[in-house]
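Engineer: Dropping the sequence and predicted coords here.
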Amino acid sequence: MTKIFASILNADLAHLADTSKLIADAGADYLHYDVMDGCFVDNISFGLPVLQSLRNVTKLPIDVHLMIREPLRFIDRFAEAGADMISFHIESDSDVKKTIEAIHAKELRAGLAVSPDTSLDGLYPFLSSLHDEDYVLLMTVQPGMGSQKFMAEVLDKIERLSKHLKAENRRIHIQVDGGIQAQTAALCRAAGADYLVSGSYLVYAENPNAAVESLRAE
Ligand code: DX5
Ligand code: ZN
């Protein structure tokens, strides 16, 4: 079943409580929280204190997407600040297996994030460390900022990963992130993605309920 993750990166951060309420009322399933450290990507977003504040004003589960150079150092702190699930990049400097184990040790679901230029061959060796209901995040833009154009070349990767997971009998979700709106969501769903992250399309929508439904449309 398709789940909708609303990214707040492009929201008015002075009004996070209102935004999280708007997103929840619109029917999104999760809040997607993009952490950037200015090293792994050339941008800085928000970190632990903002997550703590957000945790106090929303009941939605929070999906933390770490675009940071050393995710392993911060897993415990993001878990304690209120993350319900955490993804990190396999291109980061941390040991991938140890980082997955650190997320699981906090009893959270783990996600392996893969940038557009990284091949699936780089991902496959780590799939055995994931549990059922964990996820792979296939980026559909270069990580680092919102409002970019969807990269259609990633569709083939989604399809190949989806077939691979089915063949291996794995219940691992495929999440996509970047440039997701009604049309690109439909393409990603058809290719096999079931976790859709959408930022600017949702936070700038005149009718957020209709926007969420347009992503989910089965
Ligand atoms: C990009 C972030 C995305 C981004 C999505 O680095 O990981 O989550 O906020 O925003 P849109 O939907 O505007 O591309
Ligand atoms: Zn993200």
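Structural biologist: Arrived safely, thanks for sending. Numbering: from 1, shown residues only. Ligands and ions are numbered 1, 2, ... in the order given.

Engineer: Just the closest residue of this structure to ligand 2, please.
Structural biologist: His65 (3.8 Å; C-beta to the ion). For glycine as for every other residue, the C-beta is placed from the backbone atoms N, C-alpha and C.

Engineer: May I ask you to confirm that that residue belongs to a helix?
Structural biologist: No. The assignment for His65 is strand, going by DSSP: H, G, I helix; E, B strand; the rest coil, so no helix is present there.

Engineer: Just confirm it contacts Met36, I think it does.
Structural biologist: No. Counting by C-beta atoms under 8 Å, His65 does not reach Met36; the two are 9.2 Å apart.

Engineer: who's more crowded, these two?
Structural biologist: His65 (28 against 21; other C-beta atoms under 10 Å).

Engineer: Would you mind measuring from the more buried one to Gln175?
Structural biologist: Separation of His65 from Gln175 (C-beta to C-beta, to the nearest Å) stands at 9 Å.

Engineer: Now for these two: what residues contact both?
Structural biologist: Ser87, Gly111, Leu137, Val197 (C-beta atoms under 8 Å, 6 or more residues apart in numbering).

Engineer: Identify, from the residues you listed, the entry nearest to ligand 1.
Structural biologist: Using C-beta to the nearest ligand atom, Val197 is the member of those that lies nearest ligand 1, at 5.1 Å.

Engineer: what bridges to the residue nearest to the closest one when sequence neighbours are not counted?
Structural biologist: In this structure, Val197 finds its nearest non-sequential neighbour in Asp177, 3.8 Å apart by C-beta to C-beta, 6 or more residues apart in numbering. Counting by DSSP bridges, Asp177 is bridged to Met139, Val197.
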